[in-house]
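Asks: Give me the fold of what follows.
(2 chains)
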Amino acid sequence: MNLVVPPRPKYREARYAYATVLPVVLLVALFTLYPIGFAVVTSLREVVLYKPESTPFVGLKNYVDVIRSEFFTSAWGHTLTFAAGAVPFATVLGFGIAHLLNARTRMASFLNVTILLPWAIPTVISGIIWAWIFNSSYGAFNGALYSLGVIERYVPWLSRPTTALLSVLFAHVWKEVPLTSILYLAALQAIPDELFDAARADGAGALAALRHITIPLLIPTTLIIVVYETMVAIVTFDLLYVMTGGGPGGATSLISYFVYNSMFTSYNFGQGAALAVLLAASLVVFIVIYLRLLRSEELYRE
Amino acid sequence: MSARRSIVSLLVALGLTTAVAFGATPVQLTFTVWSYSNDVILDNIKKFEAKNPGIKVAMQDFSWEKYTDVMTARFVGKTSTDVAYSSDHWLQQWAAANWIVPLEDFFPQVKPYKPDFAPYAIEGMTYKGKLYGLPYYADTIIFIYNEDMLKKAGFSSPPATWDDVTKMALAMKEKKIVEYPIMFQFQDITPWYIEVFLSMVYSSKDFRMFDNNLNAIFDKDGSAAHKVAQWLVDGMRKHKIINPASLETTEIPLVKAMGAGQVAFAVLPKYNLADLNTPGAHAQAGKFKMALMPGETHGTVGFVRFYAMTKMAADRGKDARDAAWKFLEYFGGRTDGQFAVVKRWALEKGLGFAQLPLYKDQQIRAAINKWGNVTLEEQQSKLARAKEALTPFWGPWSLEFQKEMNKALLGQKTALDALKASAAKWKEMKK
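Replies: Predicted coordinates for the structure are as follows:
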């Protein structure tokens, strides 16, 4: 007698799968969907902390107010300028350092540890350290430049709009390069050596190997790094808050600073939430643009 | 039967132990401060706890520049806070947001303290007619100068007007005594910025920044605020006597720079004079003097920082409220008939005080004269005014004002345009 086992119904498998992931999904939803929903609801109301008795529904008024405000355009200008500097520098420097670390020299293991130090220091602490380094009166940077004869008098790096933004940018890139270099290093080490052997056998030099093997195969990693670093650059707050307080004269007040400022200084949670929602929406737009531009999977297959 | 008796005995013993344990639990108070002489605060707390064994105080400190932001996050997040430092800057906001409570509503015994306090201090601690705190300290913003540098420049007495300050600073610059004789704490977010600016405005005859209906009038051409703003812009951009690093400087680095001989003139809270003249604390210690605020009237800002009780403490119940009152009275009021803690701050750190009877204390008079001039201090104190137009949005408005002023100091707009932008912001927030 042949026993025919009926196939298990698909809906049963599906139910089992949903039941398995449901606890995790609920937990994630609690810490993501709920705050997002709360922020959106808050952004549609007038929520001012020193008027706790009344939080009326105002529709899109908060959004209109922040978009029309004087700071919105200038803050986005500063933010995009900052991101335009931070992303390429962090990416290119990370790429270069990863190559050095991949060279398998005697110093490699020491460098592997050293490169992680900036990443290990909390951002607030690194901001304080860099504020000291760039200090106009007693900073080590001024001291070094003065001793080398590069400058005749100490420069107020954090008191001028352009140099203040550059100083914060420098500190930010210093903090981010460890991550980008480690990501690139992992990707470099995943490239099979046979590809490089074959290229050498065909007479390709180092530059040709870099152009035709390394860079194309690192595009997926580059996409991840560029997307991540763009997000980090746009939302960066703690470093500039500690180094410059958004100054001088608002020169280092990025859009993230205004989210904080609206909520914790002006006590206007409605406008702060509206800014946060706009910021999140902007990040989604940037990510979609990157995904379209880089099209990594097609290039990888080629 | 004996087993039942054993169980009953055990239950009774357990019950008694629990009752004793709960009865012995001290009341915990969380006390938030901005960092300043934390060792003295902790010692005061120790002495308070020794006097009040049923109360335990846990202190948490944050930097002065970030204090209001941190406290906002604490109040919004309902992080346990029972008593806190507060300031006349933020009283209106915190009281309107119902984060701190009027002491008079819970402790009628606070009212008899009022006649002892300086009028500008009472004004700074009162919201809607009710007292919200007992003073931690009250002080004035003063003009400090390095007497040595002044003499080297060829002057025997301090400046009486802001034109004098310019003249003397230019002389110092010319004689290469110091490159930038004047420095301010003008970082965008430092709470001292607005008080320093106002102290310079209040030394004028027509000092009013707002009218009786709280409309901004400081943005008029030729107003006292315009004259001060223009003086600052000229000082930084034309005469180059004000250090451009002022835009990144906060209080402590300014005091260090002055103590190191890099600054000849500064406008600072008075207690810094005690620090500057403490032997061994700074290279130039002992050379600093106070002058009446340069200007027509020599008026200045008087400010008060105080101990407040939070709504969280009030809601905790009678035991917590009673403990909070004992704490507030120990730190800001009388203990055994003396303003002991306030006197200690005055003697050891040179902090000013709102408690007027202390001016008659010979120990305090002698201590002040070691680093300052008690007669001049009293005179300046009588000319001090509380900040005008304190409203729930005054704090955020002041930060916008500071940002606009810094744009003028950077040459991005004129002094008058900066004031007009600040006035527009005031109008918008007032709505």
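
Asks: okay, CA-based contacts and neighbour counts for the rest of this
Replies: Noted.

Asks: Residue B:30 is in what secondary structure piece?
Replies: If you go by DSSP states H and E, residue B:30 is part of strand B:27-34.

Asks: could you list every residue that touches the residue nearest to residue B:211 when sequence neighbours are not counted?
Replies: Nearest residue to residue B:211, sequence neighbours excluded (C-alpha to C-alpha, 6 or more residues apart in numbering or on different chains): residue B:217, at 6.5 Å. With contact taken as C-alpha atoms under 8 Å, 6 or more residues apart in numbering or on different chains, residue B:217 is in contact with B:208, B:209, B:210, B:211, B:423.

Asks: chain center to stretch B:256-267, what's the gap?
Replies: 20 Å (C-alpha atoms, centre = their mean, to the nearest Å).

Asks: oh sorry, the question was meant for stretch B:284-294
Replies: Per C-alpha atoms, centre = their mean, the centroid offset for stretch B:284-294 relative to its chain is 20 Å.

Asks: what about the strands in chain B?
Replies: B:27-34, B:55-62, B:83-87, B:126-127, B:130-131, B:134-146, B:265-269, B:288-291, B:300-309, B:384-385 (DSSP state E).

Asks: just the residues of the stretch 151-300 of chain A that are near chain B, which are they?
Replies: A:156, A:158-160, A:244-250, A:264-266 (C-alpha under 8 Å from any C-alpha of the partner chain).

Asks: try it again with 6 Å
Replies: A:156, A:158, A:159, A:245, A:247, A:248, A:249, A:264, A:265, A:266 (C-alpha under 6 Å from any C-alpha of the partner chain).

Asks: could I get those as a markdown table with distance to residue A:291?
Replies: As requested, those are exported to a markdown table (distance: C-alpha to C-alpha, whole Å):
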| residue | distance to residue A:291 |
| --- | --- |
| A:156 | 41 |
| A:158 | 36 |
| A:159 | 38 |
| A:245 | 34 |
| A:247 | 34 |
| A:248 | 36 |
| A:249 | 36 |
| A:264 | 35 |
| A:265 | 37 |
| A:266 | 37 |
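
Asks: Could you find the closest non-adjacent residue to the residue of the stretch 1-150 of chain A at minimum distance from chain B?
Replies: Proximity of the stretch 1-150 of chain A to chain B (C-alpha to the nearest C-alpha) peaks at residue A:50, 4.0 Å away. Leaving aside its sequence neighbours, residue A:50 sits nearest to residue B:97 (C-alpha to C-alpha, 6+ apart; 4.0 Å).

Asks: Would you mind writing the PyMOL command to select the buried ones in the contacts of residue B:217?
Replies: Buried residues among these (16 or more other C-alpha atoms under 10 Å in any protein chain shown), as a PyMOL selection:
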select buried, chain B and resi 208+209+423
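
Asks: Next, the angle from the strand holding residue B:30 to strand B:55-62.
Replies: Calculated by axes from the mean of the first three to the mean of the last three C-alpha atoms, to 10 degrees, strand B:27-34 forms an angle of 20 degrees with strand B:55-62.

Asks: helices or strands up against strand B:27-34?
Replies: strand B:55-62, strand B:83-87 (3 or more C-alpha pairs under 6 Å, 6 or more residues apart in numbering or on different chains; DSSP states H and E).

Asks: Now do the last one: distance to the chain's middle.
Replies: Spelled out, it's strand B:83-87. Worked out by C-alpha atoms, centre = their mean, strand B:83-87 lies 11 Å from the chain centre.

Asks: List the buried residues of it.
Replies: For strand B:83-87, by 16+ other C-alpha under 10 Å, it's B:83, B:84, B:85, B:86, B:87.

Asks: wait, doesn't the third one sit right on residue B:304?
Replies: No. Under the criterion of C-alpha atoms under 6 Å, residue B:85 is not in contact with residue B:304, lying 10.6 Å apart.

Asks: Give me the contact list for whichever strand or helix holds residue A:125.
Replies: For residue A:125, the host element (DSSP H and E) is helix A:123-133. Applying C-alpha atoms under 6 Å, 6 or more residues apart in numbering or on different chains, the contact partners of helix A:123-133 are A:139, A:140, A:141, A:239, A:242, A:243.

Asks: Please apply the same query to stretch B:175-182.
Replies: B:169, B:173, B:241, B:242, B:243, B:263, B:264, B:265.

Asks: now residue A:29: how far from residue A:22?
Replies: Noted for residue A:29: a distance of 10 Å to residue A:22, by C-alpha to C-alpha, to the nearest Å.

Asks: before we move on, what about residue A:153?
Replies: Distance, residue A:153 to residue A:22, using C-alpha to C-alpha: 64 Å.

Asks: same check, this time on residue A:276
Replies: Taking C-alpha to C-alpha as the measure, residue A:276 and residue A:22 are separated by 28 Å.

Asks: who's more crowded, the two?
Replies: residue A:276 (22 against 12; other C-alpha atoms under 10 Å in any protein chain shown).

Asks: chain center to stretch B:46-61: distance?
Replies: 24 Å.

Asks: just stretch B:175-182 next, same as before
Replies: Distance, stretch centre to chain centre, for stretch B:175-182: 29 Å (C-alpha atoms, centre = their mean).

Asks: Repeat that for stretch B:57-72.
Replies: The mean C-alpha position of stretch B:57-72 is separated from the chain mean by 14 Å, C-alpha atoms, centre = their mean.

Asks: interface residues of chain B facing chain A?
Replies: B:69, B:93, B:96-97, B:188-189, B:245, B:247-248, B:396, B:403, B:406-407.

Asks: Please produce TSV containing these, extended by pLDDT and neighbour count.
Replies: Shown next, in TSV, are those (pLDDT from 0 to 100; neighbours: other C-alpha atoms under 10 Å in any protein chain shown):
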residue	pLDDT	neighbour count
B:69	88	16
B:93	91	25
B:96	93	20
B:97	93	19
B:188	92	27
B:189	89	28
B:245	95	25
B:247	96	25
B:248	95	28
B:396	87	22
B:403	94	25
B:406	97	26
B:407	96	23
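
Asks: Those into JSON lines, with extra columns for distance to residue B:320?
Replies: Formatted as JSON lines, these follow (distance: C-alpha to C-alpha, whole Å):
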{"residue": "B:69", "distance to residue B:320": "26"}
{"residue": "B:93", "distance to residue B:320": "24"}
{"residue": "B:96", "distance to residue B:320": "23"}
{"residue": "B:97", "distance to residue B:320": "21"}
{"residue": "B:188", "distance to residue B:320": "38"}
{"residue": "B:189", "distance to residue B:320": "34"}
{"residue": "B:245", "distance to residue B:320": "47"}
{"residue": "B:247", "distance to residue B:320": "44"}
{"residue": "B:248", "distance to residue B:320": "42"}
{"residue": "B:396", "distance to residue B:320": "32"}
{"residue": "B:403", "distance to residue B:320": "41"}
{"residue": "B:406", "distance to residue B:320": "45"}
{"residue": "B:407", "distance to residue B:320": "47"}
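
Asks: if you look at those, which of them are in helices?
Replies: Those of those mapping onto helices are B:69, B:93, B:96, B:396, B:403, B:406, B:407, per DSSP state H.

Asks: ok, which pair from those is furthest apart?
Replies: Using C-alpha to C-alpha, these reach their maximum pairwise distance at B:96 and B:407, which is 31.1 Å.

Asks: quick one: low-confidence parts of the stretch 101-250 of chain B?
Replies: Within the stretch 101-250 of chain B, not a single segment meets pLDDT under 70.

Asks: Could you find the closest non-adjacent residue to the residue most central in space within chain B?
Replies: Centre of chain B computed as the mean C-alpha position; nearest residue by C-alpha atoms, centre = their mean is residue B:305, 4.9 Å away. Nearest non-adjacent residue to residue B:305, counting by C-alpha to C-alpha, 6+ apart: residue B:87, 4.3 Å away.

Asks: looking at it, that neighbour is touching residue B:307, isn't it?
Replies: No. Contact criterion C-alpha under 6 Å: residue B:87 and residue B:307 do not qualify, at 8.6 Å.

Asks: tally of neighbours for residue B:311?
Replies: 18.
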